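A.B. asks: with the sequence up front, the predicted model follows.
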Amino acid sequence: MPPNAIIAPSILSADFAQLGAECARTMDQGADWLHVDIMDGHFVPNITFGAPVVAKIRSHVDKPTENHGRGTFDCHMMIAEPKKWVKEFKKAGCDLYCFHYEAAFSSAAESPEQNTDEKTSPKALIRYIHDQGILAGIAIKPDTPVDVLWEILENPEEKERPDMVLVMTVHPGFGGQKFMASELPKVQELRKRYPELNIEVDGGLGPGTIDQAADAGANVIVAGSAVFGAKDPAEVIALLRKSVDERSQKL
Ligand SMILES: O=C(CO)[C@H](O)[C@H](O)COP(=O)(O)O
């Protein structure tokens, strides 16, 4: 059976003027993790915030007492140089550093396939993140085929295997976009091969789309506008959890 449902509201849709209070409130409303979107204006055409802001909001939410536990800060690094920021974000209180496959190679290569330098490979980056004592996630954009992940997930070296895979269900950069159901076969394939893996989906998730994502096998659900824009965010969080829990029994 897949791992438990983890509901991770994306604070991209929170009121940035009251971010600490928004984080604390969302946890009180039943969130498991907080999804923290870091955008650098290069990897994606938008800018959010950096480690100093994460350090400030971290103090408003209790640290998790175990890996993947309640209060995990799930930092989604939509940045062009993911290795450069690992230590700083760990220091700020990031518990799970999720980088993009597409950004993991040195900028000298025109595409990930052209880069054969082991030092800048996703596997090396995962090892580096684990060496800092935090969890590592790897994300793929809609244009990236899921096959690129097999070599990384099948690595016999445990330290070089990710703790979570994030399948983007929108093109990264902005909240409030339309859910791309075309990405769900990636989730299905991942779940078929890795029953125990934490598989996260991000983009356009809410009451109208959660059942499809849960049927495909996603268990970590990011929802920004659906939670922060709701009249009753606690009800939406509970609904997302129920869908995943019910559907995961049948997988
Ligand atoms: O990573 C993201 C955008 O790049 C956001 O986390 C995501 O889009 C969530 O927003 P929404 O639930 O409103 O679609």
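C.D. replies: Yes, it's here.

A.B. asks: run a quick neighbour tally on Glu81.
C.D. replies: Neighbourhood size, Glu81 [other Cβ atoms under 10 Å]: 15. C-beta coordinates here come from the backbone N, C-alpha and C atoms, glycine included.

A.B. asks: buried ones in the longest helix anywhere in the chain?
C.D. replies: Taking DSSP state H as the criterion, the chain has its longest helix at helix 233-248. For helix 233-248, the buried set under the neighbour-count rule, 16 or more other Cβ atoms under 10 Å, comprises 233, 236-237, 239-241, 243-244, 247-248.

A.B. asks: stretch 222-235 too?
C.D. replies: Neighbour count says stretch 222-235 has 222-228, 230, 233 buried, by 16+ other Cβ under 10 Å.

A.B. asks: so which of those are in helices?
C.D. replies: Short answer: the buried residues of stretch 222-235 in helices (DSSP H) are 225-228, 233.

A.B. asks: tell me the SS of Ala124?
C.D. replies: Put simply, Ala124 is helix when judged by DSSP: H, G, I helix; E, B strand; the rest coil.

A.B. asks: that one is in contact with Glu160, isn't it?
C.D. replies: Yes. Ala124 lies in contact with Glu160 (Cβ atoms under 8 Å); the separation is 7.5 Å.

A.B. asks: tell me which of these two has more neighbours.
C.D. replies: Using other Cβ under 10 Å, the more surrounded residue of Ala124 and Glu160 is Glu160, with 18 against 15.

A.B. asks: residue of the stretch 1-150 of the chain nearest the ligand, please.
C.D. replies: Proximity of the stretch 1-150 of the chain to the ligand (Cβ to the nearest ligand atom) peaks at Ser10, 3.6 Å away.

A.B. asks: pLDDT value on that residue, please?
C.D. replies: Model confidence at Ser10, given as pLDDT, is 98.

A.B. asks: can I get the longest helix of the chain in CSV? Just the C-alpha atoms.
C.D. replies: What follows is helix 233-248 as a C-alpha-only set of coordinates in CSV (Å, rounded to 0.1, in the frame of the first residue of the first chain):
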residue,chain,number,x,y,z
PRO,A,233,-9.6,25.7,4.4
ALA,A,234,-9.9,22.9,7.1
GLU,A,235,-12.7,21.3,5.1
VAL,A,236,-10.7,21.4,1.9
ILE,A,237,-7.6,19.9,3.6
ALA,A,238,-9.9,17.1,5.1
LEU,A,239,-11.5,16.4,1.7
LEU,A,240,-8.1,16.1,0.0
ARG,A,241,-6.9,13.7,2.7
LYS,A,242,-10.0,11.6,2.5
SER,A,243,-9.7,11.2,-1.2
VAL,A,244,-6.1,10.0,-1.0
ASP,A,245,-6.8,7.7,2.0
GLU,A,246,-9.8,6.0,0.3
ARG,A,247,-8.1,5.6,-3.1
SER,A,248,-4.8,4.4,-1.8
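
A.B. asks: does any bit of that helix sit next to the ligand?
C.D. replies: No. On the criterion Cβ under 6 Å from any ligand atom, helix 233-248 is out of touch with the ligand, staying 10.8 Å away.

A.B. asks: which residues of the chain fall in helices?
C.D. replies: Going by DSSP H, the chain shows helices at 19-28, 51-58, 86-92, 122-131, 150-153, 184-193, 210-216, 225-228, 233-248.

A.B. asks: and the first one, which residues are buried?
C.D. replies: Neighbour counts using 16+ other Cβ under 10 Å place 19, 22-27 of helix 19-28 among the buried residues.
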